[in-house]
Every structure is written in C-alpha cells, then in structure tokens.
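Trainee: coords please:
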Amino acid sequence: MTTESSSRRHRLICHVIFRLDFGGLENGLVNLINRLPADEFSHAIVCLTRATAFRERIISSDVQVFELHKRPGKDIGIYPRMWRLLRQLRPDIVHTRNLPALDSLFTAKLAGVRTIHGEHGLDLMELHGRHAKYNRLRQLTRLVTSTYVAVSADLARWLHSEIGIPKNRIRLIYNGVDSDKFHPGSCREILPAGFAPSGAFVIGAMGRLEPVKDQVTLAKAFCHMLELRPELKASARLVIVGDGVLRQPIEDILSSAGLRQLAWLPGFRNDSAELYRAFDLFVLPSLREGISNTLLESMATGIPVVATAVGGTAEILLDGVTGALVPPHEPENLAAAMLAYYDDRQRTRLHGEAARARILQNFSLTSMVESYRQLYACD
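Mentor: Residues are numbered from 1 along each chain as shown. Down below sits the predicted model:
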C-alpha cells in the first residue's frame, strides 16, 4: 500500500510522542489506534527517542513505529530527520502529545501537514503550568497548530487562560476505559502466595514510579496507618505496580518501618485488569494529573479510589460518592482516608459500585474513540 495521501482511501495519522513506553498517555494512544476504524484510518507512531516492548500492545501489524533516537538535551539533528520522515510518509495529520513533542509541530508545518497537539498532563518541572519558557513555546505553536486537545476541563481552562489558545480551537476529549476488560470481580490468586491472608485489605497503586506520581507519599501513609493501628499488620497489605526512580526510596521507607514484607512491588505488568481485581482500594497520590487512566480503570473495576485533588481528577472522582479526595503530599491525611475505608467495608462496597456506574455512564472507550474519529475526519 502506497504512503501517498493522494492515493489512499483512508487517512494516515502520524502520532508523535517522546517514547513508546509504559504510561497513561501511551496506553491511551494504543487503545485509540487499536479501536479506530481500520477502513478510515491508518497510523504511524514516531518516537522522538525509542520504543519499548509496550509496542506489542498494538494489535494491527500495519502500524509502523519509528525511533528517532533523540539525544539528551538539545538535538538539532532531530529536526531534519523528522522532516525527511514526514515527507516520506506524507501523513494527513500529525498529532503531537505533551511538551516533549511540541517542537515537532513546526517541523510538521514545514512538511506541509495539518497539525493537532494534545495536552495530557503537566510534569513535575512545570507542576503549576506557569513555566515561562515552555509556555512561550506553546504560545508560538498557535501559528502552526489547527486544534488543541485537552483531556480534562482543567487543562482546557489552562490552555485558554494561561497560553491564550482561543476556546474554539480547543477540544475537550476525556480518556475512556474499556469497561468490559476492566470489570468487577476477585483475583487474589494473582498475588504472591501467602502475601494476602484471608480477610486481608489490599491497597493498590499503579503507574510510573516518578516524582510527579508521588508514590513515596503513599508508602509514608501506609506506614503511618500501621503506626496508628499496629493490629492492622495482620491484614493490611500494599501493592505498588510500576517502576521508576522512586522504587528505591519507597523500599527504603517501608524497610525502615519494618513493613517491607507487607508490600509487593512487582514492577511493570501486562495483567493490570486482573491486578485491579485483587485490590480493595485504589490510591492515586499524584502531585499533578490530566485524566489518569489508572483512575478510570480502577473505577471501572468497581473499587473506590482515594486520590489527591489535583488536575482533572476531581472531574472524574466524586468525593464521598465514588471515593475520597485528599490534599497532595500529605501522608497523614492520606492515611486517614485509607483507614476510613478499611474500617467501613459497606462504604467501600457502595463507593465501588458507584464508581463503576459513573464510568459506564460518562467515560466509555467508545465515546472517546468516536470523538477522535470526528476530529481526524474533519477537514
């Protein structure tokens, strides 16, 4: 099949990201590619750095994945490499995502391609969205970008008020979740043998172990909870799925408290749906979020969530109905919220049921895919 857009019956969408690796943005991208109508769209993924084994989650063998191997810092050579690739592919649309891919918008414009930019959440280096240098760059992209996608109303407001993007150029498209894959049930057998005794209350978290996700605060909260209630050592368990720079600090905190044996840190896993079903409570302790896929997935699984009131989280989680919102970076408050669910299993069950009902009504994967289908089909 030729790559010339003039001779294709469907549109080629070129998705530009920093790295194809385990993460919420990447998970959402792969879900989208796997479900957009194959008779309308084809796809290429351009990784500014590289792709990992996460690429194996792409169902279609027709999706090309390119690695540009960008060097750390400013790599001037990446611009001609990107330009040549785009001239070769001749996509109908280049869709960049998040700050690291912003520069590619200008290269795409020079290559004569329509551009879309998506904001999926701010990282630690621009936690409050007021980094002068990065925001000036975003303001410049107004000259070359047709549409901006925000995955939360919080990000949409920021794009308009802080960056100055006109409201009519911003599309709010919430992430969606596969509620058939992520469904209620019990799957304790997936945990290590002997880890969770009968009657155990398993607190779970999932995601990159990076400072902006702040699982260190979760580890401190778990220790504080058991310091307040030592008898819970017989039944309270902590599972943190993922990997990254925070792994060792988390292990150090747990070991210092003598609680390392009550926690399981298995690294990245490909069986997240089953793992959610091993949890009684999910915790999202981030310092900043756009719309967390793990929040959607855990709610779809029918478990309540304790999360920090940051970014778009409060747009999904209804405090006191589907879970609890707490301030960021406050382990004592987080521990109190976790204890409240431990002590009231009826509340835990009811909030879990309400969480799944909210997902089914408002955050379906079908709705997300249709929104992107309309966006990509628009001339």
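
Trainee: Please name the spatially closest residue to residue 192 (chain neighbours excluded).
Mentor: The spatially closest residue to residue 192, leaving aside those adjacent along the chain, is residue 264, at 6.0 Å (C-beta to C-beta, 6 or more residues apart in numbering). C-beta: built from backbone N, CA, C; applies to glycine.

Trainee: Help me confirm that residue 307 is found in a helix?
Mentor: No - going by DSSP: H, G, I helix; E, B strand; the rest coil, the assignment for residue 307 is strand, not a helix.

Trainee: roughly how far apart are residue 75 and residue 49?
Mentor: Between residue 75 and residue 49 the distance, using C-beta to C-beta, to the nearest Å, works out to 10 Å.

Trainee: Those two: who's more crowded?
Mentor: Regarding residue 75 and residue 49, a neighbour count based on other C-beta atoms under 10 Å identifies residue 49 as having more, with 19 against 15.

Trainee: Let me see the contact set for the more buried one.
Mentor: When contacts are counted by C-beta atoms under 8 Å, 6 or more residues apart in numbering, residue 49 touches 18-19, 67-70.

Trainee: And residue 113, how close does it get to residue 14?
Mentor: Applying C-beta to C-beta, one obtains 7 Å for the distance of residue 113 from residue 14.

Trainee: if we can go back for a sec, what's the local residue count around the residue nearest to residue 192?
Mentor: Burial measure for residue 264: 18 neighbouring residues, criterion other C-beta under 10 Å.

Trainee: Could you number the chain from 784 rather than 1 from now on?
Mentor: All set: I'll call the first residue 784, so the last point we hit is now residue 1047.

Trainee: quick one: which helix or strand includes it?
Mentor: In this structure, residue 1047 is located in strand 1046-1050 according to DSSP states H and E.

Trainee: Kindly report the same for residue 992.
Mentor: Secondary structure assigned from DSSP H and E places residue 992 in neither a helix nor a strand.

Trainee: and residue 859, how many residues sit next to it?
Mentor: Once other C-beta under 10 Å is used to define contacts, residue 859 is seen to have 7 neighbours.

Trainee: isn't there a strand covering it?
Mentor: No - under three-state DSSP, residue 859 sits outside any strand and is assigned coil.

Trainee: Report the separation between it and residue 906.
Mentor: Plainly put, residue 859 is 23 Å away from residue 906 if you go by C-beta to C-beta.

Trainee: List the residues that contact the residue nearest to residue 975.
Mentor: Residue 1047 makes contacts with 974-975, 978, 1020-1023, as judged by C-beta under 8 Å, 6+ apart.

Trainee: Could you tell me the model confidence score at it?
Mentor: Per-residue pLDDT puts residue 1047 at 98.

Trainee: For it, name its beta-bridge partners.
Mentor: With DSSP bridges as the criterion, the beta-bridge partners of residue 1047 are residue 1022.

Trainee: got TSV for the contacts of residue 832, with neighbour count too?
Mentor: Conversion of the contacts of residue 832 to TSV gives the following (neighbours: other C-beta atoms under 10 Å):
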residue	neighbour count
801	19
802	18
850	15
851	19
852	12
853	20
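
Trainee: any chance of those residues in a markdown table, plus pLDDT and secondary structure?
Mentor: Shown next, in a markdown table, are the contacts of residue 832 (pLDDT from 0 to 100; DSSP: H, G, I helix; E, B strand; the rest coil):
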| residue | pLDDT | secondary structure |
| --- | --- | --- |
| 801 | 96 | coil |
| 802 | 96 | coil |
| 850 | 97 | strand |
| 851 | 97 | coil |
| 852 | 96 | coil |
| 853 | 95 | coil |
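
Trainee: With distance to residue 1004 added, can I get those in a markdown table?
Mentor: As requested, those are arranged in a markdown table below (distance: C-beta to C-beta, whole Å):
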| residue | distance to residue 1004 |
| --- | --- |
| 801 | 30 |
| 802 | 30 |
| 850 | 39 |
| 851 | 40 |
| 852 | 40 |
| 853 | 37 |
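
Trainee: Go through these and name the one nearest residue 1159.
Mentor: Comparing those against residue 1159 with C-beta to C-beta picks out residue 801 as the nearest, at 21.3 Å.

Trainee: Please verify my assumption that that closest one contacts residue 886.
Mentor: No - Residue 801 lies out of contact with residue 886 (C-beta atoms under 8 Å); the separation is 11.1 Å.
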